[in-house]
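*Asks:* return a 3D structure for these sequence lines:
(chains A and B)
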Amino acid sequence: MSARRIALRVALRRVRRDRKRTLALTAALLVPLTLAVTLVTLRATSEIPEDERVGTLIGQSQGVLRNLDFVAERGAERALAEGPQALASAVGQDIEVVPEVDGPLAVSSDGLQVDSYGYGLQLDQPLHRGRFVLTDGRAPRAPGEVALSPSVAERLGARLGDRVELGEGGATAEVTGIAAIPTDTLRKFVVALPAVVAGQAPALPKPGQDSSMAAAQDGTVVVWHTPDALTPRAQRAMTEQGWRLEPRSTAFDVARDAPDSLLPEESATAWVIGLAVLVLGELGLVMGAVYAIVVRSSRRELALLAAAGAGPRTRRSVITGQGVLVGLIATGLALGAGVAGAWLLKPWAAERNGEIWGGLRLDAWSTAVLALLGILTPAIAARVAARGVGGDVVAALRDQADFDDRAPRRGQVALGALLTCGLLLAVAGASLKAPFTVMIGALSLVIGTGLLVRRLLPSSAGRADGLRLMQRIGARLLARSASRSATMGTVVASLTVLTGLVLAAMGGLTAEVGKSYEPASPHGSAFTYATKVPGPATVAAMEEALGGERLTAMGIASPPAPRGTAPDGTAWSYWGEFEAASPLPDRPSAVMVIRAADLSTVLGRNPTARERGILSGGGAVVLDERLAPGGRLTVTAPKSPVLDTGRTELYTESLDAVVAQRRSEYRSLPVIYVSAVGLRALGGVEQPNSAYYYLPAPDDSISSEQEDRARGALASDIGSGYFTLEVERGPVAAEVLRATTLGSALVLMLVAATLAFLTVGLATQEMRPDLSALAAAGADRRFRSWLTGVYAGQVTLLGVLMGVGVTALATPALLLSLDVGWSLWPWLGLAAASAGAVAAAVAAGCLGGSRVATLLRAAQ
Amino acid sequence: MLVLDGVTRRYRSGEVEVQAVRGVSLTAREGTLTAVMGPSGCGKSTLLTMAGGLQPPDTGTVTVAGVRIDTLAEADLYQHRRRHIGYVFQDYNLVRILSVAENVALPAELDGMSRRKARAQAREALASVGMDAYADRYPDSLSGGQQQRVALARAFSGGRGLILADEPTGALDSESAGQVLDSLQALVRSGATCVIVTHDEAVAARADRVVRMRDGVVGEVTGAAA
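*Replies:* The predicted structure follows:
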């Protein structure tokens, strides 16, 4: 039987015999691999091919023809009827076209109304294939039929066969199907025949009203799809006649720019792979330490193999084989579990993303890379640990000391390569703004530092002479078991680096968010803007919900109403708003009307006599000196309600103004205030259909529940789409980041504590013969416990120091890659986590050491 | 120096209970070398571990230097052992990562003596067993006989009155064994009490008294204090 088969057989037996260890290693590998396979499979499945994406925009048509003036002059229904003939006469020949009419179309049922969008097309027309997916029922084929989107059907509680009302005209239709847009399942729309949607378009514009503007205002669109590409001659002819052609290629450009899926960019897969490399790299280091313990505990068994004739390569294969077997088992399970996980999560992920995905698609390359990583990680870890196999066979058979206390003669090249590679990756990551590259570089530095420490440790044995007995024994053990000490130290170092870099990145991001944040209003305050005025009862309910204080109401100052009628035929009650002539960037600079008694509330302090006087006297109080140079505020408002006519006539008024504050501080709080007297001076009116409410709460007294209650009161009265309500709580993102950072640090500390136990396992293994001898020499249990703790603490401290050093090197590169600044508190966090890890190791070591039954063995 | 009075020790081996030592009484006076002999499994090593305070008797008493050690608390027991009892094991039991001098100084350092003083004391002990030239070497670089002499030096360093040796020459060649026994006899002549467990008649021949055990009980006692 060949040596390799024997080695494999022994490896298999060990894997089976040490079930707990095998299960733990397999599980540790299985979790991240399964997650990674699930993510890359979901990513591949979510990728909607470009052609399909284009199909959701224009189906199978080769072009879309538009003529805004043609539609505006005739109205949608006439344009629909006359379009084909007009197109034929434009081109000079018959061309095949398929019409589509789209526009706002409310749909209601049983008193519930949904403002949705109407697509007027023949859904089962082959040219529209790909635009929609019928998830239930069939396409509407007659004027009295309609298909609803899932969100509309859910809102109305409508099912197949129910009747719904379309538009304002009372037309009803039977629901024949549920249709969804594959790339946007959340959109609210209905599908009916073109004539049905055209029939709901508003009446033709009144004489004198700009027709194209009116048509654009109500949003109804009539277009014609062409199944065949038009010849250049035909395109020229149509353009001359006022028609615009959007060829299929235009839709490709639109599709490319459209927001993408669950994992939005192709780089998402690279992120998953990068993260997997990092996690598996860390796992590999931990596995290396575990296999180092395996080598130590198998020493006698391997020596027996040697005595029976097995060469060094065969004996190393026994260890390497265990790693390969674990890798194969874990990877096989992970592939299966990962694909199964993707299959289970696909419906939820697609729904969450508002899309319809096809069948499960595997990302062959990424999955192959992950599989390779899964097999290689434990294999390499075991192979590296297997370098410790060998040495004095007789000493091993007698279980005598096997110190590796000489600096290795080879390995300088690997050391140099790892350190250089690490530095280069860190620099590259910083330049390319690739944080994962920096972290992989840091991992390389950690491994290189471990090799360096392995070389330096043996020479430290002599330097321990001056230490006290316990520390001396620990330091000597560290130096004389250099390989194993360096391995464990490297594991701890890698975790320290991960903790440090994550904390540094989080700290930098938190600081950036905090720096760039602009509060909407003073901290704690509530601010509401509504485009429908709530009733007094609702205002009272809001006040009660927000803690019982009176809300400060503000109105918007508008110019006097123009003559004539509004588009709905009624008389104008207001138009536009007065704004500062030199508006501040990103600040509302409309003129707000308040009661004189509320001036102290908006200022956040008692107003001065001058401020009170100016406000009462018809002037303005401004919260930014740039608005009122020389003590005069100039405001303007458009005279005409008609927009975009090239030249707008403006009202211009000037008021005395007092500057109450040098600079405006808040994003949403108004900066110009007048009283009723000032409004009269402007000759203006208060807008009757908008409302501002403001409530300062400097003691942060408004809770999220109170905010929700206030929001609920407003929504019940005016509808949730007609207001915004904000309570200024500071940069929420920063709070989330801080919480995430704390969570990450805690998780990493737990892992560090687990590693501490691993260190203790190694420590008690290493020290067992010495603990016996110490007991024989009179060292009591307390001394022996502390000794194990001190050794475990020294190994952990070694790792922590290595880790902090590499973190200090890699952090600048990481912060550069993220474009964030430096922050102190992550370093404090790292120091605390490191101290915690060392303390945990000492404590675990003391506990472990006290349980080693050495005395009887010593006697025997 | 050493008084064992009616000591008993039982072991459980799976379902079976084995009585290793049954009601043994033994006294060893100062300045005597006592050899305990018997076939394998007769309880002689167990008797020695009870004498050395390494494990307590199930019944009976153990008195060393006038103190009953079978009732001492663990910390006090270890302290008493460090000060009064030197134990020599068959497999030496030297701390691998301490030098020869540090191994010999270990009990004194554990007892709180300063490192310098303990080292000085250790070197004296090493000199008396002819191992002072190896003071800075590590145990794994010494031969078996050399290690056993170091273990012996550790046992009596600091003037411990009671030396217990479990097969001290079992793994040694005749020359090394002779050297170890010479050292032991020198200690006895200086007033120490030595009890050796051995199955070697040649070793027993150099003892003042020979106690023979069989099946956990003392059979025959021959020699000066019989």
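
*Asks:* burial count for whichever residue of the stretch 501-650 of chain A sits closest to chain B?
*Replies:* Nearest to chain B, among the residues of the stretch 501-650 of chain A, is A:Leu501, at 35.6 Å (Cβ to the nearest Cβ). (C-beta placed from N, C-alpha, C; glycine too.) Residues contacting A:Leu501 under the criterion other Cβ atoms under 10 Å in any protein chain shown number 25.

*Asks:* please apply the same query to the one 5 residues further on.
*Replies:* In terms of burial, A:Met506 registers 24 neighbours under the definition other Cβ under 10 Å.

*Asks:* sorry, back to before: three-state assignment of the closest residue to the residue of the stretch 501-650 of chain A closest to chain B other than its chain neighbours?
*Replies:* Closest residue to A:Leu501 apart from its sequence neighbours, by Cβ to Cβ, 6 or more residues apart in numbering or on different chains: A:Leu814 at 5.5 Å. Following DSSP: H, G, I helix; E, B strand; the rest coil, we place A:Leu814 in the helix state.

*Asks:* residues near A:Leu814, how many?
*Replies:* 26.

*Asks:* show me where chain B has its strands.
*Replies:* B:2-13, B:16-28, B:33-37, B:59-64, B:67-68, B:85-88, B:162-166, B:193-197, B:209-214, B:217-223 (DSSP state E).

*Asks:* would you reformat these as JSON lines and include mean pLDDT?
*Replies:* Listed next are those as JSON lines, based on pLDDT from 0 to 100:
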{"stretch": "strand B:2-13", "mean pLDDT": "87"}
{"stretch": "strand B:16-28", "mean pLDDT": "88"}
{"stretch": "strand B:33-37", "mean pLDDT": "92"}
{"stretch": "strand B:59-64", "mean pLDDT": "93"}
{"stretch": "strand B:67-68", "mean pLDDT": "92"}
{"stretch": "strand B:85-88", "mean pLDDT": "90"}
{"stretch": "strand B:162-166", "mean pLDDT": "92"}
{"stretch": "strand B:193-197", "mean pLDDT": "93"}
{"stretch": "strand B:209-214", "mean pLDDT": "91"}
{"stretch": "strand B:217-223", "mean pLDDT": "84"}
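
*Asks:* quick revisit: show the contacting residues for the residue of the stretch 501-650 of chain A closest to chain B.
*Replies:* A:Val438, A:Met439, A:Ala442, A:Thr807, A:Ala810, A:Thr811, A:Leu814 (Cβ atoms under 8 Å, 6 or more residues apart in numbering or on different chains).

*Asks:* what's the answer for A:Ala428, then?
*Replies:* A:Ala434, A:Thr437, A:Gly441.

*Asks:* tabulate the CA atom coordinates of the helix or strand hosting it in PDB.
*Replies:* A:Ala428 belongs to helix A:412-431 when assigned by DSSP states H and E. Extracted in PDB, the C-alpha atoms of helix A:412-431 (Å, rounded to 0.1, in the frame of the first residue of the first chain):
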ATOM      1  CA  GLN A 412      13.700  34.900   4.700                       C
ATOM      2  CA  VAL A 413      12.300  35.100   1.200                       C
ATOM      3  CA  ALA A 414       8.800  34.300   2.400                       C
ATOM      4  CA  LEU A 415       9.200  36.800   5.200                       C
ATOM      5  CA  GLY A 416      10.400  39.500   2.800                       C
ATOM      6  CA  ALA A 417       7.700  38.700   0.300                       C
ATOM      7  CA  LEU A 418       4.900  38.900   2.800                       C
ATOM      8  CA  LEU A 419       6.000  42.200   4.300                       C
ATOM      9  CA  THR A 420       6.600  43.800   0.900                       C
ATOM     10  CA  CYS A 421       3.400  42.400  -0.500                       C
ATOM     11  CA  GLY A 422       1.500  43.700   2.500                       C
ATOM     12  CA  LEU A 423       2.900  47.200   2.200                       C
ATOM     13  CA  LEU A 424       2.300  47.300  -1.600                       C
ATOM     14  CA  LEU A 425      -1.300  46.200  -1.200                       C
ATOM     15  CA  ALA A 426      -1.900  48.800   1.500                       C
ATOM     16  CA  VAL A 427      -0.500  51.500  -0.700                       C
ATOM     17  CA  ALA A 428      -2.400  50.300  -3.800                       C
ATOM     18  CA  GLY A 429      -5.600  50.100  -1.700                       C
ATOM     19  CA  ALA A 430      -5.100  53.700  -0.600                       C
ATOM     20  CA  SER A 431      -4.500  54.900  -4.100                       C
END
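
*Asks:* hmm, back to that, ok, the residue nearest to A:Leu501 touching A:Ala504?
*Replies:* Yes. Using Cβ atoms under 8 Å, A:Leu814 is in contact with A:Ala504, at 6.1 Å.

*Asks:* from A:Leu87, how far out is A:Leu423?
*Replies:* 67 Å (Cβ to Cβ, to the nearest Å).

*Asks:* looking at the two, which is more packed in?
*Replies:* Set side by side, A:Leu423 and A:Leu87 show more neighbours around A:Leu87, with 23 against 18, by other Cβ under 10 Å.

*Asks:* wait, what's in contact with the more buried one?
*Replies:* Applying Cβ under 8 Å, 6+ apart, the residues near A:Leu87 are A:Leu65, A:Ile95, A:Val97, A:Trp224, A:Met238, A:Trp243.

*Asks:* cool, thanks, signing off.
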